[in-house]
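Colleague: with the sequence up front, the predicted model follows.
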Amino acid sequence: MGPELPLVDTVLTVERLTLSFAGLVAIDGLSFSLRAGELLGIIGPNGAGKTSVLNCINGFYHPQSGRIHLGGREITHQPPHVRARLGIGRTFQNIALYPAMSALANIMSGRLIHMRSGVLAGGLYWGPAEREFLRHRARVEEIIDFLEIEAHRNHRVAELPYGIQKKVELGRALAMAPGLLLLDEPMAGMSAEEKADMARYILELREVRGLPMILIEHDMGVIMDLCDRLICMDYGKKIAEGPPQEIQHHADVIRAYLGEDHAVVGGGGRGGGEEA
Amino acid sequence: MSLQFALEGVVIGLAVGSIYALIALGFALLYKSTKILNLAHGELVLFGGYLAIALTRSLPLPLLLAFLLAIIGTLAAAALLGFAIERTIMRPLFGQPALSVIIVTLALGYIVRGVMVGVWGGDTRQFPPVLPADVIHLGSLTMPRVGLVSALVALALLVLFSLFFRYSLWGIAMRAAANEQLTASTLGVSLTRVFAYAWAFAAIAGSVGGILLGLWLGVNFALNFVGLKALAAVILGGLDSIPGAILGGLILGVVENVIGGYIDANVRFPGFSLYGFKEITPFLVILIVLMIRPYGLFGTEHVERL
């Protein structure tokens, strides 16, 4: 596996994170931490700042204040590629694959950070480079097996159905052998069956591999079932944090989603909503 | 137009076109990986030609050895120039509007050209006779030896660069960044390094083009016009297509030598002739191609899903 995180209980710590764009506050003094092997869900209405949090963690956005630690190491000012090499993998709300390349090549691109062969050896496919390539290829095949996309391996991504593209994107993130996985709406726009598959993969990653993950998802049924713990955001602030059952009945959460006068939030009632 | 004239035009055109292709490749790669339309590319061509001539002449060594060392020195200097441009001028401009960046490259081009003309003067400069100035016979066709050698060198480099981008780790990283910058960075690709390499690479490809054209035709300050032809080749092939840039260069070479050459030699009007038509033929071709296929012959047709 890839870059290993130190054996500490806390994988990621976010302290008093504040991010604003020209006066618009996207994240307002957010603090939370992620424990080893934990699956943490972030929920909140559209525009609450959920994706901005992921963008701060993986380095796309640079917060005006606050600090982010990954496994005891401060990464607040590291560029995205360094954080990728430190073990942060992610998927995107709008799929960001290489459409003209095959599913296999896309997943293989996740192995880039683990490739060692120099320019010449890699170019000429010589002995050690060939062995290395085969080793990466074997890892990628394991992932393809895991995600059950054997049949789509050699198809151009642009030609694949949306649900399969989502799987390929997860596969590419897994190919990096991350120590922390950020999933931005992995089930948006999927059929019920595809959602069930995706939920199964996420559970297996947590149960079998103990991979810590942060999950943004609008399907409340899914997120309540899967996550160990939830954070609810509204207008960039954390308004609630706790186990799913607790969050489900939290007065502020209900208010954020439904407005002042409603008292009930149904599990799965807002399922399938997509963030624009 | 006799068959002989056409064939000869095709052969010479392919030879010149392979040099255009090499220059265009540098241009296209830079555009692909950084989204910067580098209007100073022609000046990088000039830089290579001028510096290689100056070094060849000034090294107190046997001619061929001096020439070889001059080439190595020029390529190293070109790479350094590329890195320097990226580090000092382009990196601070990262994220600025595309138009501002393009205008900066235009200014950069004028400065580089001004400095070179200041140092080496405005006259055409020639390499010392590195290659015999004779003609090679290919069946019934003839071609200057220097043209054939230039074409072979350009072709070899095109193959080498293609292999680099296809198979080497850095080539793959650069292609990944070219496709989608932010995504590549989440996969561990350092964008600043990719940009630096792209500039160095563009400077090297341009300089080699300048050396090859210099060997063939000599170098003067108007050679930067070739940068415009490379732009034309790249637009013809499709701005974001590397194979397109190579093919665009070859097509331009052939078209300007066959059609342009024919018109120059044969079309006469009472009172004036169309001498110099060769130079504008490539641009007429682009005009026609872009009217039919606005994204170039091989460029990505932009269809956004809304």
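Modeller: Noted; the coordinates are in hand.
Colleague: can you list the buried residues in stretch A:205-214?
Modeller: For stretch A:205-214, a neighbour-count test (16 or more other CB atoms under 10 Å in any protein chain shown) marks A:Leu205, A:Arg206, A:Leu211, A:Pro212, A:Met213, A:Ile214 as buried. No exception for glycine: its C-beta is placed from N, CA and C like everyone else's.
Colleague: residues in contact with stretch B:236-250?
Modeller: B:13-14, B:17-25, B:27-29, B:31-32, B:158, B:162, B:165, B:178, B:230, B:232-235, B:251-252, B:285-286, B:289, B:295-300 (CB atoms under 8 Å, 6 or more residues apart in numbering or on different chains).
Colleague: for the lengthiest helix in chain A, buried residues please.
Modeller: Assignment by DSSP state H gives helix A:127-146 as the longest helix of chain A. Judged by neighbour count (16+ other CB under 10 Å), helix A:127-146 contains these buried residues: A:Ala129, A:Glu132, A:Phe133, A:His136, A:Arg139, A:Val140, A:Ile143, A:Ile144, A:Phe146.
Colleague: touching, the second one and A:Met115? I think so.
Modeller: Yes - with contact defined as CB atoms under 8 Å, A:Glu132 counts as touching A:Met115 (6.8 Å).
Colleague: going by distance to A:Val14, which of the buried residues of stretch A:205-214 wins?
Modeller: A:Val14 lies nearest to A:Ile214 out of these, by CB to CB, at 9.9 Å.
Colleague: for residue 197, list the residues it contacts.
Modeller: Just going to use chain A. A:Glu148, A:Lys167.
Colleague: chain B, not that one
Modeller: With CB under 8 Å, 6+ apart, B:Tyr197 has these contacts: B:Trp170, B:Met174.
Colleague: tell me which helix or strand it sits in.
Modeller: Using DSSP states H and E, B:Tyr197 sits in helix B:191-217.
Colleague: show the subsequent helix or strand relative to that helix.
Modeller: Counting by DSSP H and E, the next helix or strand C-terminal to helix B:191-217 is helix B:225-237.
Colleague: mind listing what's buried in that following helix?
Modeller: Of the residues in helix B:225-237, those buried (16+ other CB under 10 Å) are B:Val226, B:Gly227, B:Lys229, B:Ala230, B:Leu231, B:Ala232, B:Ala233, B:Val234, B:Ile235, B:Leu236, B:Gly237.
Colleague: now do it, average pLDDT.
Modeller: The pLDDT scores in helix B:225-237 average 86.
Colleague: for stretch A:59-68, same thing?
Modeller: Stretch A:59-68 shows a mean pLDDT of 94.
Colleague: ok, now stretch A:174-185?
Modeller: 94.
Colleague: so B:Leu231 makes contact with B:Gly26?
Modeller: No - assessed by CB under 8 Å, B:Leu231 is found out of contact with B:Gly26, at 11.3 Å.
Colleague: between these two, what contacts are shared?
Modeller: B:His41.
Colleague: what segments of the chain are strands?
Modeller: Because you didn't say which chain, this covers chain A. For chain A, the strands defined by DSSP state E occupy A:10-21, A:24-35, A:39-43, A:65-70, A:73-74, A:88-90, A:180-184, A:213-216, A:229-234, A:237-242.
Colleague: ah, no, chain B please
Modeller: B:135-138, B:141-144, B:268-269, B:272-273.
Colleague: could you save the buried residues of helix A:127-146 as TSV and add columns showing distance to chain B and pLDDT?
Modeller: What follows is the buried residues of helix A:127-146, written out as TSV (distance: CB to the nearest CB, whole Å; pLDDT from 0 to 100):
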residue	distance to chain B	pLDDT
A:Ala129	9	68
A:Glu132	10	79
A:Phe133	10	79
A:His136	11	86
A:Arg139	15	91
A:Val140	14	91
A:Ile143	14	94
A:Ile144	18	94
A:Phe146	19	94
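Colleague: out of the residues you listed, who's nearest B:Ala76?
Modeller: Set against B:Ala76, the nearest of the buried residues of helix A:127-146 by CB to CB is A:Ala129 (26.8 Å).
Colleague: hmm, back to that, do you know which of the strands of chain A lies nearest chain B?
Modeller: Each of these was scored for nearness to chain B using CB to the nearest CB, and the closest is strand A:88-90 (5.7 Å).
Colleague: now the single nearest residue of the stretch 101-250 of chain B relative to chain A: how far from A:Pro186?
Modeller: Residue nearest to chain A within the stretch 101-250 of chain B (CB to the nearest CB): B:Gly188, separated by 3.5 Å. The gap separating B:Gly188 from A:Pro186 is 21 Å, by CB to CB, to the nearest Å.
Colleague: repeat for A:Val168
Modeller: From A:Val168 over to A:Pro186 (counting by CB to CB), the distance is 12 Å.
Colleague: those two: who's more crowded?
Modeller: Between A:Val168 and A:Pro186, counting by other CB atoms under 10 Å in any protein chain shown, A:Val168 is the more crowded of the two (28 against 25).
Colleague: which residues touch the more buried one?
Modeller: Neighbouring residues of A:Val168 by CB under 8 Å, 6+ apart: A:Leu97, A:Ala103, A:Asn106, A:Ile107, A:Leu147, A:Ile149, A:His152, A:Val157, A:Leu160.
Colleague: burial of the residue nearest to A:Met115 when sequence neighbours are not counted, as a residue count?
Modeller: Leaving aside its sequence neighbours, A:Met115 sits nearest to B:Leu169 (CB to CB, 6 or more residues apart in numbering or on different chains; 5.4 Å). Neighbours of B:Leu169 under the rule other CB under 10 Å: 17.
Colleague: report the residue spans of the stretch 151-300 of chain B with pLDDT below the cut-off.
Modeller: The stretch 151-300 of chain B contains residues with pLDDT under 70 at B:272-275, B:300.
Colleague: mind redoing it with 90?
Modeller: B:151, B:154-155, B:157-194, B:216-245, B:256-300 (pLDDT under 90).
Colleague: tell me the residues of it that contact chain A?
Modeller: When proximity is defined as CB under 8 Å from any CB of the partner chain, the stretch 151-300 of chain B approaches chain A at B:163-164, B:167-173, B:176, B:179-180, B:182-183, B:185-192.
Colleague: which of those residues count as buried?
Modeller: Using 16+ other CB under 10 Å, the buried ones in those are B:164, B:167-173, B:176, B:179, B:183, B:185-191.
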